[in-house]
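> I would like to see how this sequence folds:
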Amino acid sequence: MVALAKRLSGPLPRAILMAGSAMLFVGCTGARVGVELPSAMIYRDTTAPMTIDRDRRTGAPTEIPETLNVGRSQSYQLDFSVPGIDWTRGFSIGWGDMSLETALREGNLESVTYADGRQLQILRIFTKAQIIAYGPPEGSSSQQ
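Modelled structure (predicted):
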């Protein structure tokens, strides 16, 4: 135990130990997709409703009608920042189009009945945020 303490007495090992400790205590932050999703340090794959019927106080219907189409849009982020070290905060790369307009176009939707937000995150380094929109197919109102 004394030998380990002597090895950790230099400035570099202490900095590594402090950074590791900070990573254990700092929660996940990142892109929000309509609602605050639960935090995780190693792996997160969560889905939450983005639209809520305020009168019923519920989210998406329990069953998805077969008449609804599904459209998705997503963005990605690679984050190389170190929690607790401010000067590394901008070390990230993001790309993609997570707009509702893209989800409408990709799903060939006329309008949005409701939408979910999904976020996949691995080790706080890779994040995929996604909007999943549900709605009637384009042109369905003109057929009635």
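> what are the buried residues along stretch 132-144?
Ile132, Ala133, Tyr134, Gly135, Pro136 (16 or more other CB atoms under 10 Å). To be clear about C-beta, it is placed using only N, CA and C from the backbone, and glycine gets the same treatment.
> what is the least confident helix or strand in the protein?
Within the chain, confidence by mean pLDDT, DSSP states H and E is lowest for helix 11-25 among all helices and strands, at a mean of 46.
> avg pLDDT for whichever helix or strand comes after it?
Downstream of helix 11-25, the next assigned helix or strand under DSSP states H and E is strand 43-49. What strand 43-49 shows for mean pLDDT is 89.
> what's the first helix or strand after strand 43-49?
strand 69-79.
> can you list the strands that that following strand pairs with?
Strand partners for strand 69-79, identified by DSSP bridges, are recorded as strand 92-97 (antiparallel), strand 126-135 (antiparallel).
> isn't Pro137 up against Glu110?
Yes. Shown here, Pro137 and Glu110 form a contact pair, counting by CB atoms under 8 Å, at 6.6 Å.
> on that earlier part again, okay, the strands paired with strand 69-79 in JSON lines with distance to Asp45 and mean pLDDT next?
Shown next, in JSON lines, are these (distance: least, CB to CB, whole Å; pLDDT from 0 to 100):
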{"stretch": "strand 92-97", "distance to Asp45": "17", "mean pLDDT": "93"}
{"stretch": "strand 126-135", "distance to Asp45": "9", "mean pLDDT": "93"}
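> of the ones you listed, flag the one that's most buried.
Mean neighbour count (mean count of other CB atoms under 10 Å) peaks for strand 126-135 among those, with a mean of 20.
> how about JSON lines for the strands paired with strand 69-79, with distance to Ser75 added?
JSON lines is the format used below for those (distance: least, CB to CB, whole Å):
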{"stretch": "strand 92-97", "distance to Ser75": "3"}
{"stretch": "strand 126-135", "distance to Ser75": "5"}
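> which one of the ones you listed lies closest to Arg118?
Shortest distance between Arg118 and these, using CB to CB, is found for strand 126-135: 4.3 Å.
> neighbouring contacts of the closest one?
Under the contact criterion CB atoms under 8 Å, 6 or more residues apart in numbering, strand 126-135 has outside partners 30-31, 33, 47, 50, 60, 64, 68-79, 98-100, 103-104, 107, 109-121.
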